[in-house]
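1. okay, structure incoming, though there's no sequence with it:
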């Protein structure tokens, strides 16, 4: 994995354009970092092998940091210039980041257009994919969502963004109503 990381890092540092990475590249990097930490934990840090693993970890951390920060800056520059990116060049995580940043750019353009046309600026918001916006009608204690995250507690008239499955259950029970946030 070290060679794959070094190659990706070198290509990214030498090119002004974002370089293609496999969709699972960051997942593989995380697995690699976990392996390095396990190796270090089991090594005598004073041994030659222990010192080499420590140096490898330091180099890998620097390359990962440089790679991710450089790619993020390239993505931002493309978005700010009004360009688009081929999603095939991005990792799974970067695709989600890119979508969020593009949505932010569109919201900014809406605000700008509203002002330029003499209208009060407005922000259009929507729930993230797989989530729903609801208005709470009854007191609800904390719940664990289908995504295993804790939500609540809620009081009547609270607005919440919950996983769609959880939101549907609360609406069906009469404890909440779905809010349409589209304009």
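-> Yep, that arrived. The structure displayed is predicted, hence computed values, not measured ones.

2. tell me how many other residues surround residue 160.
-> Residue 160 is flanked by 20 other residues according to other CB atoms under 10 Å. Quick note: C-beta positions are derived from backbone N, CA and C, even for glycine.

3. what's opposite it in the beta bridge?
-> residue 134 (DSSP bridges).

4. from residue 41, how far off is the residue of the chain positioned farthest from its centre?
-> Centroid-distance maximum for the chain: residue 47 at 39.1 Å, with CA atoms, centre = their mean. From residue 47 over to residue 41 the distance is 13 Å, taken as CB to CB, to the nearest Å.

5. pull out the buried residues from stretch 78-85.
-> Residues of stretch 78-85 classed as buried under the neighbour-count rule (16 or more other CB atoms under 10 Å) are 78, 79, 85.

6. run the chain-centre distance for that stretch.
-> 18 Å (CA atoms, centre = their mean, to the nearest Å).

7. and that stretch, end to end?
-> Terminal residues of stretch 78-85 are spaced 7 Å apart (CA to CA, to the nearest Å).

8. tell me the mean pLDDT for that stretch?
-> Stretch 78-85 carries an average pLDDT of 83.

9. touching that stretch from outside, list them.
-> Contacts with stretch 78-85, where a contact means CB atoms under 8 Å, 6 or more residues apart in numbering, come from 18, 75, 98, 101, 102, 105.

10. list the contacts for the spatially most central residue of the chain?
-> In the chain, the centroid-proximal residue (CA atoms, centre = their mean) is residue 97; its distance is 5.0 Å. By CB under 8 Å, 6+ apart, residue 97 lies in contact with 72, 75.

11. so which helix or strand takes in it?
-> helix 92-116 (DSSP states H and E).

12. so where's the chain shaky on pLDDT?
-> Within the chain, the segments meeting pLDDT under 70 span 122-128, 181-183.

13. and it, split by domain according to the record?
-> 2-116, 131-178 (automatic domain parsing).
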